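Peer 1: Structure here, sequence nowhere to be found:
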């Protein structure tokens, strides 16, 4: 091979080598750009997550501050009836026998022991209204919808414990009534569920029910309320992935395959049936339904806590989803705070209570009369703490 041919061969090899180096540089550059893009995207996602987290934390802090302002003093009726007419009936005399003399506000004497009200507890009234679809104002002041389900939800930050008190809808207690023009018409003793029916089906109905429940519980402060039309039950149920319950005797046969003692997974439609169904031809049907509602509530809360651990933004999503079916004075900030608090609290079937009492048949409908002394002791158990020798 002549010198010229060897030269051109070397030149071609050199050009090929330069081309390979150039291509390699392009490949590395593309890889670096791809890596840079992924890092940038990761940073953006991290930033968005941080912003979302910051928003969540701000909502939580605002909610906590809001409730700090709402916390009231003490249920003074536990110490002293303000008026004789406040009593549900003249037989409510247990209070007169347990009041201590000279005790400061928030403290009472009962059976030789001193108790102090837990002023940092938060208490909420949850109502299930016998209405379907989105909430609407009622033009008729007598048809605001009855509260078929009534629960007091109590958060105790000191003991890190949640409690729920189920209240029979037929509890005979004092409620405020209104005339056809919506004007106050006085007090009467009637089923508690009717307190919501007197009103606009919105805030006025809820406030009337809160007032009646507070008086029933000796002036207990209620820090917020939430009333849900029954249609929201299906949405809530499915949002947490459905709920597993063991069918009680009162639930057997409601659906063809529901048998006593068997566990079933409730989807939204069946959850609604499980907690709403009531055979009014059977005695104590309201009490039997309340027992099913307790079972469901226990299972739902456990499932909701599991779902929240997977998605801490779930409360905000749920709040937005059920808003059209809900009337509440609890803000989104407060809801976020409550959800975060409740997640770390102890809660089990032993923390669900119901009022003791007996059922009588009225002129048309059942009437539930609570045991006054048992109610008083339940309030002491949940909302008070016993002091040693009357000291903190």
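Peer 2: Yep, it's here. Just so it is clear, the structure is predicted and the values come from calculations on it, not from any experiment. Numbers count the residues shown, from 1 in each chain.
Peer 1: Going by C-alpha atoms from here, please, whenever you check contacts or count neighbours.
Peer 2: Fine.
Peer 1: So which residues of the chain form helices?
Peer 2: Across the chain, reading from the start of the chain, the helices by DSSP state H fall at 3-70, 194-197, 203-216, 231-239, 268-276, 285-310, 314-322, 332-343, 372-383.
Peer 1: Which one of those helices has the poorest average confidence?
Peer 2: In terms of mean pLDDT, the lowest-scoring of those is helix 3-70 (a mean of 47).
Peer 1: quick one: contacts for the closest residue to residue 226 other than its chain neighbours?
Peer 2: Closest residue to residue 226 apart from its sequence neighbours, by CA to CA, 6 or more residues apart in numbering: residue 328 at 4.4 Å. Contact partners of residue 328, counting by CA atoms under 8 Å, 6 or more residues apart in numbering, are 203, 224-227.
Peer 1: Out of those residues, give me the one that has the most neighbours.
Peer 2: Most neighbours among the contacts of residue 328, by other CA atoms under 10 Å: residue 227, with 25 neighbours.
Peer 1: pLDDT score for it?
Peer 2: Residue 227 is assigned a pLDDT of 90 by the prediction.
Peer 1: swap in the one 3 residues further on?
Peer 2: In the predicted model, residue 230 carries a pLDDT score of 80.
Peer 1: shouldn't it be in contact with residue 127?
Peer 2: No. Under the criterion of CA atoms under 8 Å, residue 230 makes no contact with residue 127, lying 9.6 Å away.
Peer 1: okay, these two: which has more neighbours?
Peer 2: Legend: neighbour count by other CA under 10 Å for residue 230 and residue 127, higher for residue 127 (27 against 24).
Peer 1: Have a look at the protein and report its longest strand.
Peer 2: Here the longest strand in the chain is taken by residue count, with DSSP state E as the criterion, and it is strand 147-156.
Peer 1: contacts for it?
Peer 2: Taking CA under 8 Å, 6+ apart as the criterion, the residues outside strand 147-156 that touch it are 120-130, 161-169, 192-197, 290, 293, 342.
Peer 1: In strands, which of the residues you listed appear?
Peer 2: Among these, the residues falling in strands (DSSP E) are 122-129, 161-167.
Peer 1: Just the closest of those residues to residue 178, please.
Peer 2: For the ones in strands among the contacts of strand 147-156, the closest approach to residue 178 (CA to CA) belongs to residue 129, at 19.1 Å.
Peer 1: Could you tell me how many residues sit around that closest one?
Peer 2: When neighbours are counted by other CA under 10 Å, residue 129 registers 25.
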